[in-house]
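S.K.: Structure for this input, please:
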Amino acid sequence: MADPGSSGSASSSAGPSPEEQARAHIAAQIAKMTPEQRRALRTHALEQFMKRRRAQTADGKTVSLARLKRRVDELTRRFESGAYDESARSLPRWQVQELTPGHTIRQGAYKMQLREREEAELDLDRFGHGVVLSPRPVVGTLLGGTALGQRRDLAWGIYARTANAERTLSGAWGGEDPRQVLEDERFYLDCLRYAHQMELTLMVLTSRPLPLAATRRQFAAKLESSMKQLSGQPELPAEDKAALKNFISLFDDERVAPAGWVDPKKGLVKAGTHFIFSTTPEGKLAVEAITPGRLKEKRTCYVGVNSNRLLTGAVFGVFLGPESIDDVGKRDVGHGMLWAANGYRFRPWEAKPEQLELDIGPDGQPVLPQPPTEQLDLPLRPTVFQMLDEQTKPLRRMLLGGVRRAQRQSARSAAADAAAA
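M.R.: The predicted structure follows:
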């Protein structure tokens, strides 16, 4: 009698089945393929699978997976293209205009125009602005400091968060005499030291083409002087000098040439270029530039970032420091800072109940607003017009009768004169 174990070993020693051999052969062939051939094979196998596989749609029809995928892809493409969005055909014109973002309107203009509700959503308020002038090359020598002898180089403005400015400056400067505060350099130095706490932002707009190399040198000298004034030291430490050098290198000719706001052939910064210097809560300074031109042509480019807090304050010190390049604009910003320090707001809808703005009259004294006058609104109904007509009828008859009598008398006198002649 045969051993049961011998039969089991005989069956296990038999070769692989035909199906296993076919799988091994296919695996060997796939292993010899290149990556591109494998991807093509995978795509072909997936297409064949989706053609044979059936699925039921929401409306109860049975279609292949391939057809269902094509339908989903087409609907997705139409949805992303905006085919199902509300348009002028399905909405009134006024509603379409309200839904249109303000920054997409008047793309052919040079300046953006926002609606009041869009302006209300802006985070920063403008505290003041000014202009920087320089003498004309030839005329300025003859006319000196007169308006005809100067040209406008750039315009600038300071923006910040009003609530943050109030928290930062109200303790030391709130409630003080405005005339004394605006003449005190310590007030402006506090604005520079705590610029990052107010999210101070400087915007500069070039009014004419400016030589990049000369402007960069003047900017570096002003920054160094401002850093010394803020630090109170006659010489800057090596760390601050290195930070200043790195910051000025952000405006090197070769680095900014592809940005679009510099003419590489002439080495000039184009007129109409915007520079934005924004502070962060950590004391860093981010610099951006916007190319000139119409709205649809403008491009924003990232210039760089500075991590030195002293240099961050010094950038604003060029305009607000003791050696400001625009004293009139500096004082205007000072008015805005003091306005916020006393708890007032720039936007009318944010004004506090006790906030009252007074105009100055010709005699230099404040003019108190006149109390509101009461107006009686009469209902415009036919009965009102009928009542007015009945009440004025005798007067109209009297006037009309007098006119007719005067006409008859004039006609009699004219006839008498003609007969006498």
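
S.K.: hey, let's count contacts and neighbours off CA atoms from now on
M.R.: Noted.

S.K.: For the stretch 101-250 of the chain, give me the ranges with low pLDDT.
M.R.: Regions of the stretch 101-250 of the chain meeting the criterion pLDDT under 70 cover residues 138-148.

S.K.: That one: helices as residue ranges?
M.R.: 116-120, 139-143, 162-173, 178-182, 185-193, 212-231, 238-249 (DSSP state H, counting those that start in this stretch).

S.K.: I'd like to know which elements the longest one is packed against.
M.R.: Helix 212-231 sits against helix 238-249, helix 309-320, with contacts defined as 3 or more Cα pairs under 8 Å, 6 or more residues apart in numbering; DSSP states H and E.

S.K.: Quick check: which of those helices is buried the most?
M.R.: helix 309-320 (a mean of 24; mean count of other Cα atoms under 10 Å).

S.K.: Output it as CSV, restricted to C-alpha atoms.
M.R.: Only the C-alpha atoms of helix 309-320 are listed here, as CSV (Å, rounded to 0.1, in the frame of the first residue of the first chain):
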residue,chain,number,x,y,z
ARG,A,309,14.4,96.8,12.9
LEU,A,310,16.7,99.9,13.1
LEU,A,311,16.8,100.0,9.3
THR,A,312,13.0,99.6,9.1
GLY,A,313,12.5,102.7,11.2
ALA,A,314,15.2,104.6,9.3
VAL,A,315,13.4,104.2,6.0
PHE,A,316,10.5,106.2,7.4
GLY,A,317,12.9,108.5,9.1
VAL,A,318,14.0,109.8,5.7
PHE,A,319,10.6,111.4,5.5
LEU,A,320,9.7,111.9,9.2
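
S.K.: Okay, angle between the helix or strand just after it and helix 309-320 too, please.
M.R.: Beyond helix 309-320 on the C-terminal side, the first helix or strand identified by DSSP states H and E is helix 327-341. Counting by axes from the mean of the first three to the mean of the last three Cα atoms, to 10 degrees, helix 327-341 lies at 120 degrees to helix 309-320.

S.K.: so how far is helix 327-341 off the chain centroid?
M.R.: Offset of helix 327-341 from its chain centre (Cα atoms, centre = their mean, to the nearest Å): 23 Å.

S.K.: could you dump the helices and strands packed on helix 212-231 to TSV with distance to Glu199?
M.R.: Output for those, formatted as TSV (distance: least, Cα to Cα, whole Å):
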stretch	distance to Glu199
helix 238-249	20
helix 309-320	11
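
S.K.: quick one: which of the ones you listed is nearest Leu114?
M.R.: helix 309-320 (27.4 Å; Cα to Cα).

S.K.: In terms of secondary structure, what does the closest one contact?
M.R.: Using 3+ Cα pairs under 8 Å, 6+ apart: helix 309-320 touches helix 185-193, helix 212-231, helix 238-249, helix 327-341.

S.K.: Excluding chain neighbours, give the residue nearest to Leu192 in space.
M.R.: Excluding its sequence neighbours, the residue lying closest to Leu192 (Cα to Cα, 6 or more residues apart in numbering) is Gly313, at 4.9 Å.

S.K.: correction: Leu310
M.R.: Among residues not flanking Leu310 along the chain, Met227 sits closest, at 6.4 Å (Cα to Cα, 6+ apart).

S.K.: so the closest residue to Ile158 other than its chain neighbours bridges to which residues?
M.R.: Leaving aside its sequence neighbours, Ile158 sits nearest to Leu202 (Cα to Cα, 6+ apart; 4.8 Å). Leu202 has these beta-bridge partners by DSSP bridges: Ile158, Phe277.

S.K.: how close does Pro211 get to Gly293?
M.R.: Counting by Cα to Cα, to the nearest Å, the gap from Pro211 to Gly293 is 19 Å.

S.K.: any idea how far Pro101 is from the spatially most central residue of the chain?
M.R.: By Cα atoms, centre = their mean, the chain has its centre lying nearest to Leu122, at 7.7 Å. Distance of Leu122 to Pro101, given as Cα to Cα: 14 Å.

S.K.: Cool, thanks, talk later.
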